[in-house]
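# What follows is a predicted protein model with its sequence.
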Amino acid sequence: MLDVFFTVDVELWCDGWHELDSTFARSFDRYILGTTPTGQYGLPYQLAVLADHGLEGVFFVEPLFSTHFGAGPLDEIVGVIQEARQEIQLHLHTEWVDEASTPLLDNVTVKRQHMRCFSLDDQTRLISIGKELLAHAGVDTVSAFRAGSFGFNLDTLAALASNGVFLDASYDATMMGPDSGLLPGVTVVEPVEWRGVVEYPMTVFQDGPRHLRHAQLTACSYSELEGLLWSALAEGRQAFTVLSHNFELLDAARSGADRVVIDRFQRLCSFLDKNRDSFRVRGFDGLLATPVARQPAPLASPIWKTAGRMFEQFRRRATT
């Protein structure tokens, strides 16, 4: 049995920082609800498809935006997810720190894009603030965390431990994971423990010579994801983590539905639903972590599936 984590980073963006208040309502409608001329394909749609297949997702909710816009929109996001009986965990995009109506940290007046740009004390404070914001919105416990844009370091893990959070999902070997300080020189692809905090990395795979790709809904074909899941099971892997976002079923302009990605999402959910005897789709709450002693090599996908995905992505661009 392979543990599968379907993770959704829930974020809100206003397509710029100069007119936040005037663009907020439109941005909420686009990024959270996913409103298009043919229907809504945002967070509520994702929740409905998961419910139709009886699957559990992990929704990493970013709450710092509410320090500028107020608690109401965050309450709405949390309420929609909780009504669907899905798991909520903490996600922080520190680009919002300097936009807070009341300063969150001393002497932060410019953008700092990643958690790793802050000191240990400041990271500890930001995680505490994030937990408090989610608690006020109705989230009783936070057991897992993911840094925005995967921009974490060892101070992030220490800050999590100080806040009583002992599961992290910030390591991505295709992004900033390798220079995070966690197991230098090793590509982390399976759960690993660091001073009491267990890291559950993004699933990555080789899709060509010396090239890694992470398992993201917009970045992989359905064929690749299905094949990788079977490979991970056959190799006795502990965990398989898929990444998505609340706006990922929309086209690049966030104005229309991306039918290719919607099809991937629906097919993946159907596959996981039909193969429950092999894949346990679950969350982090109550998880008995199983870190490995030795990291295996990344999974690999055959080149013909890479070629198929490239053709599929070309078709996506041509139709949006």
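Great, that's in hand. Numbering: from 1, shown residues only.

# rest of the way, CA atoms for contacts and neighbours
Will do.

# How are the strands of the chain distributed by residue range?
2-10, 35-36, 39-40, 57-61, 87-92, 144-147, 167-168, 192-194, 197-199, 204-208, 211-214, 239-245, 279-281, 299-300 (DSSP state E).

# Lowest average pLDDT across the ones you listed?
Within the strands of the chain, the stretch with the lowest mean pLDDT is strand 204-208, showing a mean of 91.

# any idea how far Lys131 lies from Gly138?
Relative to Gly138, Lys131 is positioned 11 Å away (Cα to Cα, to the nearest Å).

# okay, and for the stretch 201-320 of the chain, where does confidence drop off?
Using pLDDT under 70 as the threshold, the predicted model of the stretch 201-320 of the chain has low-confidence ranges 315, 317-320.

# which one of Lys131 and Gly138 has more residues nearby?
Neighbours were counted for Lys131 and for Gly138 using other Cα atoms under 10 Å; Lys131 has more, 22 against 14.

# in the chain, what residue sits furthest out from the centroid?
Asn107 (29.2 Å; Cα atoms, centre = their mean).

# Verify the stated contact: His245 with Val8.
Yes: proximity of His245 to Val8 meets the contact threshold set by Cα atoms under 8 Å, at 4.8 Å.

# who has more neighbours, those two?
Neighbours per residue (other Cα under 10 Å) separate His245 from Val8, with Val8 holding more: 24 against 21.

# Quick check: bridge partners of the more buried one?
Each beta-bridge partner of Val8 is listed here, defined by DSSP bridges: Phe59, Ser244.

# got the contact list for it?
For Val8, the residues meeting the contact criterion (Cα atoms under 8 Å, 6 or more residues apart in numbering) are 57-60, 243-246.

# related to what we said a few turns ago, quick check: the gap between the residue farthest from the centre of the chain and Leu55.
Distance, Asn107 to Leu55, by Cα to Cα: 44 Å.

# again, but for Val97
For Val97 relative to Leu55 (Cα to Cα), the value is 34 Å.

# Same question for Phe145.
Where Leu55 is concerned, Phe145 sits at a distance of 21 Å (Cα to Cα).

# Give me the more crowded residue out of those two.
The residue with more neighbours, out of Phe145 and Leu55 and counting by other Cα under 10 Å, is Phe145; that gives 25 against 19.

# That one reaches Tyr171, doesn't it?
No: in this structure, Phe145 sits apart from Tyr171 without contact. The criterion is Cα under 8 Å, and the distance is 10.8 Å.

# Burial check on Thr203, number of neighbours?
Number of residues near Thr203 (other Cα under 10 Å) recorded here: 27.

# contacting residues for it?
Contact partners of Thr203, counting by Cα under 8 Å, 6+ apart, are 172, 189, 214-215, 240-242.

# Leaving out the residues flanking it, which one is nearest to it?
Distances taken as Cα to Cα, 6 or more residues apart in numbering put Thr241 closest to Thr203, at 5.2 Å, once the chain neighbours are dropped.

# Quick check, Val78 in contact with Ala137.
Yes: the pair Val78 / Ala137 is scored as a contact, 6.6 Å apart, by Cα under 8 Å.

# Bridging across strands, which residues link to the spatially closest residue to Leu233 that is not a sequence neighbour?
The spatial neighbour of Leu233 that comes closest, neighbours along the chain excluded (Cα to Cα, 6+ apart), is Leu2 at 5.8 Å. According to DSSP bridges, the partner residues bridging Leu2 are Phe279.
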